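S.K.: build the 3D model from these lines:
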Amino acid sequence: MINLFKKKDKATDPVCLMKVEKGEKAITYNYKEETYYFCSENCKEQFKKDPEQFLS
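M.R.: Modelled structure (predicted):
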């Protein structure tokens with residue numbers, strides 16, 4: 001199988017550490033001028049409550 005996605009097309013969800021695809025349908029949140037990608041709305045909401053917990 002050919003991998004059509006390059007490494008730069010993926011990001012790591014900072015909450016669950018799952019690899020997620022970047023793109024139009026990606027679940028994102030901007031914090032301190034950085035875009036973070038999430039596997040679900042649940043992970044995004046957890047991150048929004050205390051972003052520094054997941055970044056340190």
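S.K.: I'd like the average pLDDT over the top helix by length along the chain.
M.R.: The single longest helix within the chain, with elements called by DSSP state H, is helix 41-49. Computed over helix 41-49, the mean pLDDT rounds to 98.
S.K.: what's next to it, contact-wise?
M.R.: Outside helix 41-49, the residues that touch it by C-beta atoms under 8 Å, 6 or more residues apart in numbering are 13, 14, 15, 16, 27, 28, 29, 31, 36, 38, 54. Quick note: C-beta positions are derived from backbone N, CA and C, even for glycine.
S.K.: residues of the helix or strand following it that come out buried?
M.R.: Along the chain past helix 41-49, the next helix or strand (assigned with DSSP states H and E) turns out to be helix 51-55. For helix 51-55, the neighbour count (16 or more other C-beta atoms under 10 Å) marks 51, 54 as buried.
S.K.: any idea how far helix 51-55 is from the chain center?
M.R.: Centroid separation for helix 51-55 versus its chain: 13 Å, with C-alpha atoms, centre = their mean, to the nearest Å.
S.K.: tell me the buried residues in the longest helix of the chain?
M.R.: 43, 44, 46, 47.
S.K.: reformat the contacts of helix 41-49 as CSV; add secondary structure and pLDDT.
M.R.: Supplementary listing: the contacts of helix 41-49 in CSV, determined by DSSP: H, G, I helix; E, B strand; the rest coil; pLDDT from 0 to 100:
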residue, secondary structure, pLDDT
13, coil, 98
14, coil, 98
15, coil, 98
16, coil, 98
27, strand, 98
28, strand, 98
29, strand, 98
31, strand, 98
36, strand, 98
38, strand, 98
54, helix, 97
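S.K.: dump the C-alpha coordinates for stretch 38-56 into PDB.
M.R.: Output in PDB follows, covering the C-alpha atoms of stretch 38-56 (Å, rounded to 0.1, in the frame of the first residue of the first chain):
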ATOM      1  CA  PHE A  38      -7.300  16.700  18.100                       C
ATOM      2  CA  CYS A  39      -8.800  13.300  17.500                       C
ATOM      3  CA  SER A  40     -12.100  14.300  19.000                       C
ATOM      4  CA  GLU A  41     -14.100  17.200  20.400                       C
ATOM      5  CA  ASN A  42     -13.700  15.500  23.800                       C
ATOM      6  CA  CYS A  43      -9.900  15.900  23.700                       C
ATOM      7  CA  LYS A  44     -10.200  19.400  22.400                       C
ATOM      8  CA  GLU A  45     -12.500  20.400  25.400                       C
ATOM      9  CA  GLN A  46     -10.100  18.800  27.900                       C
ATOM     10  CA  PHE A  47      -7.200  20.800  26.400                       C
ATOM     11  CA  LYS A  48      -9.200  24.000  26.500                       C
ATOM     12  CA  LYS A  49      -9.800  23.600  30.200                       C
ATOM     13  CA  ASP A  50      -6.100  23.600  31.000                       C
ATOM     14  CA  PRO A  51      -3.800  23.700  28.000                       C
ATOM     15  CA  GLU A  52      -0.600  24.100  30.100                       C
ATOM     16  CA  GLN A  53      -1.200  20.700  31.700                       C
ATOM     17  CA  PHE A  54      -0.800  19.100  28.300                       C
ATOM     18  CA  LEU A  55       2.100  21.200  27.100                       C
ATOM     19  CA  SER A  56       4.500  20.900  30.000                       C
END
